[in-house]
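Enquirer: Got a sequence here, can you model it:
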Amino acid sequence: MGLFNFFSKDKKEKLDDGLEKTKTGLFSKLTKAVAGKSKVDDEVLDNLEEVLISSDVGVNTTLKVIERIEKRVAKDKYLGASELDQILREEIAALLEENDTGEAVEYSVPKDKKPYVIMVVGVNGVGKTTTIGKLAHQFKRIGKNVMLGAADTFRAAAVDQLKIWSKRAEVPIVAQGMGADPASVAFDTLQSAVTQGSDVVLIDTAGRLHNKVNLMNELTKIRRVMDKVVPGAPHEVLLVLDGSTGQNAIEQARQFTKATEVTALALTKIDGTAKGGVVIGISDEFKIPVKYIGVGEGMEHLQVFNKYEFVDSLFSKKVS
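Expert: Have a look, this model is predicted:
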């Protein structure tokens with residue numbers, strides 16, 4: 001029996017399908033790593049290290065996993081190479097367990113914060129605006145009144161795209177158009193949200209990384225004006241990363257966590273890549289909760305991330 005049979009079958013199937021490319025690559029590499037070996041020796045460990053790094057788990061996290069497996073090998077001299085996938089599964093799960101961040105199983109927002117304000121950050125092209133639209137849909141689905149703020153005024157396309165998502169999700173939007181002051185848009189959005197009794201506010205922001213100082217100043221200004229309307233806002237700063245870019249996503253996480261206080265992560269486009277291992281590396285390295293993962297294009301393909309369910313799916317082989 002899998003660890004996560006209590007999760008909805010539909011959600012698990014979407015996750016399994018979304019991780020298929022990563023799983024196929026991982027199992028193929030693991031098979032080669034243990035070819036002709038009856039036990040886990042130094043050569044197998046060297047091969048495993050290469051497998052994990054090439055699967056975009058990341059160097060630091062890979063070394064931690066290898067160290068854990070080395071200890072198990074030292075403890076049990078007859079550890080079979082055929083058991084490597086199960087051993088790897090257990091040690092990755094244990095590593096992520098140590099980085100427990102109290103993640104949620106379903107969409108929810110704190111009841112004592114109204115409106116609950118989420119500032120969404122990330123570079124252009126990672127699926128930031130799409131993620132906002134899908135989040136709006138999910139929050140509305142559970143009965144929340146949602147409002148969007150188009151504070152990515154650097155690109156006209158970003159404002160237009162968010163307007164399309166507001167119509168699709170059937171939630172109101174505050175927008176001033178390209179070139180408007182982002183902080184002014186955020187201020188107006190929160191004022192409207194308070195007046196209309198919104199439960200959740202999602203604020204889109206510009207995703208430029210060419211000048212970290214300017215990015216930091218802009219995000220700091222947006223945060224400051226929001227706090228004036230809703231004390232404590234933003235309650236969450238969600239960094240959206242493109243999982244298909246592998247190590248580049250980790251570098252973006254480093255840059256944004258230096259520029260502003262990031263409190264949660266969303267990893268998109270996991271379904272279109274064999275680099276799904278990056279979720280493990282990012283979760284381990286930054287100690288910031290991976291809150292959502294995108295495993296497809298549909299509204300329902302943005303899932304609340306659960307590390308145990310993820311590991312279970314990653315190491316479950318499809319029965320033909």
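
Enquirer: what stretches of the stretch 201-320 of the chain score poorly on pLDDT?
Expert: 209-212, 317-320 (pLDDT under 70).

Enquirer: The same query, at a cut-off of 50, please.
Expert: Low-confidence segments of the stretch 201-320 of the chain (pLDDT under 50): 319-320.

Enquirer: Show me where the protein has its strands.
Expert: 116-121, 146-151, 173-174, 200-205, 236-242, 264-268, 290-294, 302-304 (DSSP state E).

Enquirer: mind listing what the third one pairs with, with the direction of each?
Expert: Translated: strand 173-174. strand 146-151 (parallel) (DSSP bridges).

Enquirer: Give me the contacts around the strand it pairs with.
Expert: With CB atoms under 8 Å, 6 or more residues apart in numbering as the test, strand 146-151 has contacts from 115, 132, 136, 139-140, 158-159, 162-163, 165-166, 169, 171-176, 182-183, 185-186, 188-190, 192-193, 196, 198-206, 222. No exception for glycine: its C-beta is placed from N, CA and C like everyone else's.

Enquirer: Provide a PyMOL selection command restricted to the buried entries of these.
Expert: Filtering the contacts of strand 146-151 down to the buried ones (16 or more other CB atoms under 10 Å) takes a single PyMOL command:
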select buried, resi 115+132+136+139+140+158+159+162+165+166+169+171+173+174+175+176+182+183+185+186+188+189+190+192+193+198+199+200+201+202+203+204+205+206+222
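
Enquirer: okay if I get the strands of the chain as TSV plus distance to residue 85?
Expert: Shown next, in TSV, are the strands of the chain (distance: least, CB to CB, whole Å):
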stretch	distance to residue 85
strand 116-121	36
strand 146-151	42
strand 173-174	47
strand 200-205	39
strand 236-242	27
strand 264-268	23
strand 290-294	22
strand 302-304	24
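
Enquirer: And the ones you listed: which comes nearest residue 69?
Expert: strand 290-294 (23.2 Å; CB to CB).

Enquirer: who's in contact with the closest one?
Expert: 18, 103-104, 127, 131, 134-135, 238, 243, 264-271, 279, 282-283, 301-305, 307, 310.

Enquirer: Can you give the distance of it from its chain's centre?
Expert: 3 Å (CA atoms, centre = their mean, to the nearest Å).

Enquirer: In the sheet, which strands lie alongside it, parallel or antiparallel?
Expert: Taking DSSP bridges as the criterion, strand 290-294 forms sheet pairs with strand 264-268 (parallel), strand 302-304 (antiparallel).

Enquirer: if we can go back for a sec, please flag which of the contacts of strand 146-151 sit within helices.
Expert: 132, 136, 139-140, 158-159, 162-163, 165-166, 169, 182-183, 185-186, 188-190, 192-193, 196, 222 (DSSP state H).

Enquirer: follow-up on the earlier one: how about the strands of the chain, which one is nearest residue 89?
Expert: Closest among the strands of the chain, using CB to CB: strand 290-294, at 18.0 Å.

Enquirer: Format the CA atom coordinates belonging to that closest one as PDB.
Expert: The C-alpha trace of strand 290-294 is given here as PDB (Å, rounded to 0.1, in the frame of the first residue of the first chain):
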ATOM      1  CA  VAL A 290       7.400  24.500  -1.500                       C
ATOM      2  CA  LYS A 291       3.600  25.300  -1.300                       C
ATOM      3  CA  TYR A 292       2.400  24.500  -4.800                       C
ATOM      4  CA  ILE A 293       3.600  22.500  -7.800                       C
ATOM      5  CA  GLY A 294       2.300  22.700 -11.400                       C
END
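
Enquirer: and it with strand 236-242, angle?
Expert: 40 degrees (axes from the mean of the first three to the mean of the last three CA atoms, to 10 degrees).
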